[in-house]
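Novice: Attaching a predicted model along with its sequence, questions to come.
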Number of protein chains: 2
Amino acid sequence: MTDRLPRTLRSDARDNRERLLDAARAVFATEGLNVPMREVARRAGVGPATLYRRFPTKEVLVTEAFTDQLRACQAIVDEGLADPDPWHGFCLVIERICELHARDRGFTAAFMSTFPHAVDFAAIRAYSLNAVTELATRAKDTGHLRPDFVLDDLILVLMANSGIHATSPAARVAASRRFAALAIRAFQTSPTTSPLPPAPRLTPTPPRRDPKA
Amino acid sequence: MTDRLPRTLRSDARDNRERLLDAARAVFATEGLNVPMREVARRAGVGPATLYRRFPTKEVLVTEAFTDQLRACQAIVDEGLADPDPWHGFCLVIERICELHARDRGFTAAFMSTFPHAVDFAAIRAYSLNAVTELATRAKDTGHLRPDFVLDDLILVLMANSGIHATSPAARVAASRRFAALAIRAFQTSPTTSPLPPAPRLTPTPPRRDPKA
DNA sequence: ACGTTAACGGACGCTCCCGTCCGCTTGGCT
DNA sequence: AGCCAAGCGGACGGGAGCGTCCGTTAACGT
């Protein structure tokens, strides 16, 4: 009684799917997650129906679009964990994840949000958090990381990092870089002598066009 | 040829105006700025037309609603400036402003946004920033504040603070408190011995219901 | 080459928000 | 007490985003 669905997509359908994902990644990165679904379709050069056929809900689209980024995130953490100097690895993780999030507005939101149906997403996320915990433990053992650091502090920093807005993407990355350096200072036991990244010129953020934030 | 407008509002109009401002403050604090104008009117128990008559644009409403908060902000800075110990005053300013912003979602957005027509707003804001600069200079002289601190770092921290979300207002305040403590650690020259506020339990933020953010 | 059917996209109906108009109500003044 | 304008709010038209339907197109297998 159940009809079999075709296991494989037709060539044009597969192309469109790719173009939709590319468009989604591009627009989510610059505009954030709060873009109309239709806008994604428009940029991909397909009709709305095609978008909805491939990705029935925005959650599905977001999840698929950011799987790459999430793996990049995981790679960063793994790399940090592999660093012979745990404290150095820890700093690297903070710096690079902050930068990743600064470069991609949408990913931050996706990473922070809890997507109930995105099992892979949640799994990788949980794995990464665990890895960071391990890294933090080792970094504490070296005496460079303050003992009162907890994992939630990292989440806190990431959330806070997502609050940084700027007029241009470049400015956001610059601001985020300095912020990461400040965070590292807050986490380390002895005061640094190393200079901070340059302080970005921060104009007050223009009113958000997003009505729901 | 120009008609004179009544200098004074009728009593019922004045009442409604007050109730509108109260409603606006309440809903902006909990929901942020991205609430429909009608919702404010609804909560105030008046029709939409009344709201629009009193506050032609959302910007006007927001500006008027947050003037109090802005003065509170100014008061905090003044108090910090008056503190005999500049470093202590500086810390107080950070802690209390972070808390203020954590308690009121809307105010953060209002404070960060640049409202071209809100002269008072901009003036107080500029005054406060100047005052903080002065305070920072003194705090540096005491040797407690790092010399590489710049005013933009404070803006950065405030922006970052606004990125902190949590399920409950209480949780947000708690998270913000710890964040402020971390920021202070980042800014001070010698490492603190004083313990941090408790680390809040941070569930990943649920997807924002706001379509425009 | 040709028929089958997966795939496409324009168009539709829905909901929600916005800002305004206009006929009714009510406070304030004499 | 009674006038009248200030004030009110329900109702309207417009616009935007959403998710779906259905007639048309073109990819794939034979």
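Specialist: Cool, the structure landed.

Novice: Could you check the lowest-mean-pLDDT helix or strand in chain A against chain B for contacts?
Specialist: Within chain A, judged by mean pLDDT, DSSP states H and E, the helix or strand with the poorest mean is helix A:105-112; its value is a mean of 84. Yes. Under the criterion of C-beta under 8 Å from any C-beta of the partner chain, chain B is reached by helix A:105-112 at A:109, A:112. In this view, the C-beta of every residue, glycine as well, is placed from N, C-alpha and C.

Novice: touching DNA strand D at all, that helix?
Specialist: No. Helix A:105-112 is not in contact with DNA strand D by C-beta under 7 Å from any atom of the strand; minimum separation 13.7 Å.

Novice: Show me what counts as buried in that helix.
Specialist: A:105, A:106, A:107, A:108, A:109, A:110, A:111, A:112 (16 or more other C-beta atoms under 10 Å in any protein chain shown).

Novice: May I ask you to confirm that the fifth one is in contact with residue A:158?
Specialist: The one in question is residue A:109. No. Taking contact to mean C-beta atoms under 8 Å, the distance of 11.3 Å between residue A:109 and residue A:158 leaves them out of contact.

Novice: so who does residue A:101 touch?
Specialist: A:107, A:108, A:111, A:158, A:161, A:162, A:176 (C-beta atoms under 8 Å, 6 or more residues apart in numbering or on different chains).

Novice: longest helix anywhere in chain A?
Specialist: When chain A is parsed with DSSP state H, its longest helix is helix A:119-141.

Novice: Just list what it packs against, helices and strands only.
Specialist: helix A:67-82, helix A:86-103, helix A:151-162 (3 or more C-beta pairs under 8 Å, 6 or more residues apart in numbering or on different chains; DSSP states H and E).

Novice: Please repeat the previous calculation with a cut-off of 6 Å.
Specialist: Other helices and strands packing on helix A:119-141, by 3 or more C-beta pairs under 6 Å, 6 or more residues apart in numbering or on different chains; DSSP states H and E, are helix A:67-82, helix A:86-103.

Novice: so how far is it off the chain centroid?
Specialist: Once both centres are worked out by C-alpha atoms, centre = their mean, to the nearest Å, helix A:119-141 turns out to sit 15 Å from its chain's centre.

Novice: What lies in contact with that helix?
Specialist: When contacts are taken as C-beta atoms under 6 Å, 6 or more residues apart in numbering or on different chains, the neighbours of helix A:119-141 outside the stretch itself are A:63, A:70, A:74, A:77, A:80-81, A:86-87, A:89-90, A:115, A:145, A:147, A:149, A:151.

Novice: Give me every residue in chain A lying close to DNA strand D.
Specialist: Contact residues, chain A versus DNA strand D (C-beta under 7 Å from any atom of the strand): A:10-12, A:36-39, A:48-49, A:52, A:56-58.

Novice: Arrange those in TSV, one row each, with pLDDT, secondary structure and neighbour count as further columns.
Specialist: Compiled in TSV, those are given as follows (pLDDT from 0 to 100; DSSP: H, G, I helix; E, B strand; the rest coil; neighbours: other C-beta atoms under 10 Å in any protein chain shown):
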residue	pLDDT	secondary structure	neighbour count
A:10	93	coil	9
A:11	93	helix	8
A:12	94	helix	9
A:36	96	coil	13
A:37	96	helix	15
A:38	96	helix	12
A:39	97	helix	14
A:48	97	helix	13
A:49	97	helix	9
A:52	97	helix	15
A:56	94	coil	10
A:57	92	coil	11
A:58	92	helix	18
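
Novice: Now residue A:198. Its backbone dihedrals?
Specialist: phi -60, psi 140 (degrees, to the nearest 10).

Novice: do the same with residue A:57
Specialist: Given degrees, to the nearest 10, the pair of backbone angles that residue A:57 has is phi -130, psi 160.

Novice: measure it to chain B for me?
Specialist: Note on residue A:57: its distance to chain B, by C-beta to the nearest C-beta, to the nearest Å, is 11 Å.

Novice: re the thing from before, let me know the closest of the buried residues of helix A:105-112 to chain B.
Specialist: Comparing the buried residues of helix A:105-112 against chain B with C-beta to the nearest C-beta places residue A:112 closest, at 4.9 Å.

Novice: List of residues touching the least confident helix or strand of chain A?
Specialist: The list of residues contacting helix A:105-112 from outside it, by C-beta under 6 Å, 6+ apart, reads A:28, A:29, A:32, A:33, A:62, A:66, A:69, A:101, A:162, B:204, B:205.

Novice: Is stretch A:177-196 positioned near chain B?
Specialist: Yes. Contact between stretch A:177-196 and chain B is present through A:179, A:182, A:185, A:186, A:191, A:196 (criterion: C-beta under 6 Å from any C-beta of the partner chain).

Novice: Neighbour-wise, which one of the residues you listed leads?
Specialist: Neighbour counts for the residues of stretch A:177-196 next to chain B were taken using other C-beta atoms under 10 Å in any protein chain shown; the highest belongs to residue A:179, which has 28 neighbours.

Novice: the inter-axis angle of the helix or strand where it lies versus helix A:86-103?
Specialist: Taking DSSP states H and E as the criterion, residue A:179 maps to helix A:169-187. Between the axes of helix A:169-187 and helix A:86-103, defined by axes from the mean of the first three to the mean of the last three C-alpha atoms, to 10 degrees, the angle is 150 degrees.
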